[in-house]
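Q: Test case, fold it:
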Amino acid sequence: MTLRRPGPVVAFRLLVVGAVLAGVGLTTAGPATVTGLLPYFTIQSNVAVALLAGYGAGQIRRGRPDSPAALRGAVTLYVTITGVVYHLLLANPASPFAMAQPERSLADAAGNQLLHTVVPLLAVTDWALFAPRGRLRPRHAVWWLAFPLAYLAFALARGPVVGSYPYPFVDPGQLGYPGVSLAAVGFAVAFWLLGLAFVGVDRLLAGPAPATTDPAVTDPATTGGIPAGCQEETPPDTGVRSRP
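A: Purely as a prediction, here's the structure:
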């Protein structure tokens, strides 16, 4: 999209990029390493947000079209999943998938909150305020499941090789393969519904569709090149002819 004042959009997206870089940098100040973080959905979704925000900022600054709406919706959905799953399941002691939270240094704790809370909120704000509206369709919610399903396949294939799994709900050692399959189906349905919610919000923010007109009335090709309503009426033929 083209904005008359792109400065605030560019500044906001650079803030998003900075938040991701700070989150990863602060997290690696603890015991984690960059290569150790890469297998996590959290890091992958945050990196995708940073890349898309940086690209979008460059496009807007040069007066070029923003990133495709479907791609922006997908990345925003993935980082939203990161925040929701972390707070509702992984960091929630009442959750069956709760992970033991280690003692963190101040820097590590700040990085953890940036990646799981701040960046998801910033990404959703960016999408709500600056994304082009009215371009998402319900089918996108299905297409957006491709990456989470690919991540599941990656985690299951990598686990036996390295002897560990990034999350409890993809660990056959804890749940067994039937349990992992059941969890995957549940997550897929939840992510699909969340994607549909994004589509619905997009349509809501787009507002009512513009009224359409009858092309048979407005198309000059159907009115002999003369706008409808401006043609001279021809009296009906009564069959009576006047004498010369």
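
Q: So for the lengthiest helix in the chain, mean pLDDT?
A: In the chain, taking DSSP state H as the definition, the longest helix is helix 172-206. Helix 172-206 carries an average pLDDT of 96.

Q: Show me what that helix is packed against.
A: helix 69-85, helix 119-130, helix 138-143, helix 146-162 (3 or more CB pairs under 8 Å, 6 or more residues apart in numbering; DSSP states H and E). C-beta coordinates here come from the backbone N, C-alpha and C atoms, glycine included.

Q: and the closest residue to residue 148 other than its chain neighbours, how many neighbours does it have?
A: Among residues not flanking residue 148 along the chain, residue 191 sits closest, at 5.8 Å (CB to CB, 6 or more residues apart in numbering). Per other CB atoms under 10 Å, the neighbour tally for residue 191 reads 22.

Q: For stretch 14-32, buried residues please.
A: Across stretch 14-32, burial judged by 16 or more other CB atoms under 10 Å covers 16, 17, 19, 20, 22, 23, 24, 26, 27, 28, 30, 32.

Q: quick one: contacts for the residue nearest to residue 148?
A: The contact partners of residue 191, by CB atoms under 8 Å, 6 or more residues apart in numbering, come to 77, 81, 144, 145, 148.

Q: try it again with 10 Å
A: By CB atoms under 10 Å, 6 or more residues apart in numbering, the contact list for residue 191 reads 77, 78, 80, 81, 84, 85, 141, 144, 145, 147, 148, 149.

Q: how far away is it from residue 180?
A: 16 Å (CB to CB, to the nearest Å).

Q: just residue 174 next, same as before
A: 9 Å.

Q: correct me, but residue 183 touches residue 85?
A: No: in this structure residue 183 lies outside contact range of residue 85 using CB atoms under 10 Å: 11.4 Å.

Q: Please say which of those two ends up with more neighbours.
A: Neighbour totals were compared for residue 183 and residue 85, and residue 85 leads with 22 against 19 (other CB under 10 Å).
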